[in-house]
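Undergrad: next input, structure requested:
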Amino acid sequence: MHTFHITAPDGELREALQQKIDSLNKPKGAMGRLEDLALQIGLIQGALSPTLAHPCHLLFGADHGIATENVSASPQEVTWQQMINFTHGGGGVNMFCRQHHIELFLIDVGVAHDLSSYPTILSRKIACGTKNFLHGPAMTAEQCEQALQTGADMVDMCAQKGCNILSIGEMGIANTSAASLWMSIFTKTPLSDCIGAGSGLNEAGIAHKNKILTEALHHFHTQHLPATAALAYFGGFEMVAAVGAMLRAAEQKMVILIDGFIMTACLLAATHIHKNVRHYAIFTHCSEEKGHRLLLQHLRAHPLLSLGLRLGEGTGALCCYPIVESAVRMLNEMNNFDNAHITKYF
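TA: Numbering: from 1, shown residues only. Predicted coordinates for the structure are as follows:
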């Protein structure tokens, strides 16, 4: 597996950053979570006056073989239909990227449809979807490595544009199934606590999904494979590419905005490859998917928003971008007590 060299942010500036935050013309702690964000971003960049430059959003699309087991309320063709919709600017991801001036990249890493006639979709197709993990591994070790490298390469492309803050999204019908299995294996949480409605399953649908995934997990455990083998055994190409992107972004000391259940599961998987990736992650929201709150608790993560979102595509991370920007603006643009000639009242 590709080796990522990720160092934790240097804490040398922590005291100076905290002093700068505390000296802004406000009561100490009055800006709440914005102060925490400002400190984190300052440490990531090693700067008392951090900046956000050329924000980019990577949306990876791929299909899952497990979809043939009817574990999703949406048919598999929705993956390619939505990818085409994104090229026309009609998705939630498009709207938020336009609103916040974030450059969007659409990447096909394994959609089970020919998208080559759409020039705005970057073709990095590894295969036309993964295999059905009910009967064996979703992908080979070589395909897993290729997906990781593809994610890393996309981050390098963003870095060449001057990007230092990245969000990641996905499009792949049935990927909540893969995420639930990753969560169960990596956190040792009972699988039934990790499984939710996905794109809209009813109670009977969730019960069927639980049955299928329980059987798949049993097959995995009977082979006595290490937990890290779950990356290839259950993952989607879009999810493994997101893991690679997160690892490379941390290696490049970028701020990483983590979206909902799928992307939090990808961050979880990334921490099992290199624990230091966690320092670069900002958890943007808590989704409505059942397992997400438990997963956030496991990671000791405190998401910024709780808006009942469950769309995917990275939309929660995009929606949160202005809050992150406000934290940086606070640090750089608010006056301090001395310059404003205000008595420091704490």
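
Undergrad: dihedrals phi and psi, Glu170?
TA: phi -140, psi 160 (degrees, to the nearest 10).

Undergrad: ok, now which ones touch it?
TA: 59-62, 236, 238-239, 242, 262-263, 312-314 (C-beta atoms under 8 Å, 6 or more residues apart in numbering). No exception for glycine: its C-beta is placed from N, CA and C like everyone else's.

Undergrad: and Gly162, how many neighbours?
TA: Gly162 is flanked by 9 other residues according to other C-beta atoms under 10 Å.

Undergrad: isn't it up against Pro55?
TA: No: at 10.2 Å, Gly162 does not count as touching Pro55 under the criterion of C-beta atoms under 8 Å.

Undergrad: can you list residues touching both of these two?
TA: With C-beta under 8 Å, 6+ apart, Gly162 and Pro55 have no common neighbours.

Undergrad: can you classify the residue most central in space within the chain by secondary structure?
TA: In the chain, the residue lying closest to the centroid (C-alpha atoms, centre = their mean) is Met263, at 3.2 Å. Following DSSP: H, G, I helix; E, B strand; the rest coil, Met263 is assigned to helix.

Undergrad: Ser199: what's it in contact with?
TA: Ser199 sits next to Ser72, Ala73, Ser74, Ile173, Thr176 when contact means C-beta under 8 Å, 6+ apart.

Undergrad: redo that, cut-off 10 Å
TA: Ser72, Ala73, Ser74, Val78, Ile173, Ala174, Asn175, Thr176, Glu289, Arg310, Leu311, Gly312 (C-beta atoms under 10 Å, 6 or more residues apart in numbering).

Undergrad: for it, give me the pLDDT.
TA: Ser199 carries a pLDDT value of 83.

Undergrad: now swap in Leu48 and tell me
TA: If you check Leu48, the pLDDT there is 97.

Undergrad: quick check: phi and psi at it.
TA: Dihedral pair for Leu48: phi -80, psi -20, per degrees, to the nearest 10.

Undergrad: report how many residues lie close to it.
TA: Neighbours around Leu48, by other C-beta under 10 Å: 13.

Undergrad: tell me the secondary structure at the nearest residue to Ile44 once chain neighbours are set aside.
TA: Closest residue in space to Ile44, ignoring its immediate chain neighbours: Pro9 at 5.2 Å, by C-beta to C-beta, 6 or more residues apart in numbering. Classification of Pro9 using three-state DSSP returns coil.

Undergrad: what's near enough to touch Pro9?
TA: Gln40, Ile41, Gly42, Leu43, Ile44, Gln45, Gly46, Ala250, Lys253, Asn276, His279, Tyr280.

Undergrad: the fifth one: which element?
TA: Under the assignment given by DSSP states H and E, the secondary-structure element containing Ile44 is helix 33-45.

Undergrad: can you count the residues close to the nearest residue to the residue nearest to the centre of the chain once chain neighbours are set aside?
TA: Computed as C-beta to C-beta, 6+ apart, the closest residue to Met263 that is not its neighbour in sequence is Ile168, at 5.9 Å. Close neighbours of Ile168, defined as other C-beta under 10 Å, add up to 29.

Undergrad: wait, what's in contact with Ile168?
TA: By C-beta under 10 Å, 6+ apart, the residues touching Ile168 are 56-60, 151, 154-155, 238, 241-243, 245-246, 249, 256-259, 262-263, 266-267, 314, 317.

Undergrad: domain map for the chain?
TA: For the chain, the structural domains run 12-50+331-340, 56-324, going by the TED database.

Undergrad: off-centre distance for the last one?
TA: Computed by C-alpha atoms, centre = their mean, to the nearest Å, the chain-centroid distance of domain 56-324 equals 7 Å.

Undergrad: which residues touch Leu24?
TA: Ala30, Met31, Glu35, Ala38, Met330, Leu331, Glu333, Met334, Asn335, Asn336, Phe337, Ala340.

Undergrad: for it, grab phi and psi.
TA: phi -60, psi 150.

Undergrad: for it, give the beta-bridge partners.
TA: Beta-bridge pairing for Leu24 (DSSP bridges): Asn336.
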